[in-house]
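Novice: structure here, sequence nowhere to be found:
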């Protein structure tokens, strides 16, 4: 019956080319229900290859450091996918039971070095305010408007450009976030004991697991396998998050004009990746659908595109197009698009 309803909704949507963002949001409700065995299967086909690749990378050190490095890079892809599973747990999307989502998220958080409760709070805040110029600063990438940038001192402009530099954004930044920043709660959460418990509890388990691994294999081997993996996984993760909202024709508005559904579908990209990359990144590139309804399990996002082909072209970004996003650093309220600093200062 539910499959029939989904097909009927899809046919209705395709017969109506002028659906509003709110109507699209309602249509996405049909994909919310997780499938228990599918969720368990996705965890298995992600976690088991990840562990296997880590082990193979370690033993390959005796054969070739380059072979070990290559296997570590493959493991990084599965680490990204584990993070997407944890991300789905934060939305309560992977299982019907709230406690099951939370415990799976906490366990994966030890591997991803991401305290679950802290990540969940910051990320849900991001969803509740995405595209709102008045509510930037929590769970998002720091971005200034053209006027804000022009009003900054030369020193402040320099540090903003430094922050948005690709080397800082995608290499240094992820290392700082995952290895240092996430060891304590975010500043806005430090008054609440449960977030300290989340951070310190995760840290304790990380120390225990890492200490055990180092005891068994030695710190040199651990670092040779781990460092390439965490750098690559962190870079991929931040890159994915970056291109999902920092693209030329995204959408930002102040409080008076901001609409959550409009911001969801028009302020989030459809990062149209090749199938292997879409799989390893847990379909998170179908981000406009995810923001329309964050309770959709990641493995059902492709169903929404299949049933509603019109969504494929909405805010679509190819890999080639996404590379140009790196140069876009300021939101121009007049032109209603992201622009380069050079273009902003010339205007």
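Specialist: That came through, no problem. Note that this is a predicted model, so its numbers are computed, not measured.
Novice: let me see the contact set for residue 216.
Specialist: With C-beta atoms under 8 Å, 6 or more residues apart in numbering as the criterion, no residue contacts residue 216. For glycine as for every other residue, the C-beta is placed from the backbone atoms N, C-alpha and C.
Novice: okay, it: pLDDT?
Specialist: Note for residue 216: predicted pLDDT of 94.
Novice: gap between it and residue 58?
Specialist: Here the criterion is C-beta to C-beta, to the nearest Å. By it, residue 216 lies 10 Å from residue 58.
Novice: in the stretch 51-200 of the chain, where is pLDDT below threshold?
Specialist: Low-confidence segments of the stretch 51-200 of the chain, defined by pLDDT under 70, are absent.
Novice: in a strand, residue 106, correct?
Specialist: No: Residue 106: not assigned to a strand; according to DSSP: H, G, I helix; E, B strand; the rest coil it is helix.
Novice: before we move on, what SS does residue 168 have?
Specialist: helix.
Novice: that one is in contact with residue 159, isn't it?
Specialist: No: in this structure, residue 168 is not within contact of residue 159 by C-beta atoms under 8 Å, at 10.2 Å.
Novice: thought residue 96 was touching residue 34?
Specialist: Yes: contact criterion C-beta under 8 Å: residue 96 and residue 34 qualify, at 6.2 Å.
Novice: neighbour count for the two, which is higher?
Specialist: residue 34 (22 against 13; other C-beta atoms under 10 Å).
Novice: and the more buried one, what element?
Specialist: Using DSSP states H and E, residue 34 is not contained in any helix or strand.
Novice: residue 285 versus that one, what's the distance?
Specialist: Distance from residue 34 to residue 285, by C-beta to C-beta: 20 Å.
Novice: ok, residue 90 next?
Specialist: Distance from residue 90 to residue 285, by C-beta to C-beta: 18 Å.
Novice: again, but for residue 116
Specialist: Taken as C-beta to C-beta, the span from residue 116 to residue 285 is 23 Å.
Novice: now do residue 77
Specialist: For residue 77, the distance to residue 285 - C-beta to C-beta - is 14 Å.
Novice: what's the answer for residue 138, then?
Specialist: Where residue 285 is concerned, residue 138 sits at a distance of 23 Å (C-beta to C-beta).
Novice: equivalent analysis for residue 172, please.
Specialist: 24 Å.
Novice: just residue 50 next, same as before
Specialist: From residue 50 over to residue 285 the distance is 20 Å, taken as C-beta to C-beta.
Novice: with residue 193 instead?
Specialist: Taking C-beta to C-beta, one finds residue 193 at 37 Å from residue 285.
Novice: quick one: which of these two has more around it?
Specialist: residue 285 (23 against 9).
Novice: what pLDDT is listed against the residue nearest to the more buried one when sequence neighbours are not counted?
Specialist: Using C-beta to C-beta, 6 or more residues apart in numbering and skipping residues adjacent in sequence, the residue nearest residue 285 is residue 271, 3.3 Å away. Here the pLDDT value assigned to residue 271 is 97.
Novice: over to residue 256?
Specialist: pLDDT, residue 256: 91.
Novice: check which helix or strand it maps to.
Specialist: Applying DSSP H and E, one finds residue 256 in no helix or strand.
Novice: burial of it, as a residue count?
Specialist: Count around residue 256 with other C-beta under 10 Å applied: 6.
Novice: repeat for residue 156
Specialist: The burial count for residue 156: 13, using other C-beta under 10 Å.
Novice: repeat for the one 3 residues further on
Specialist: Neighbour count of residue 159, defined by other C-beta under 10 Å: 11.
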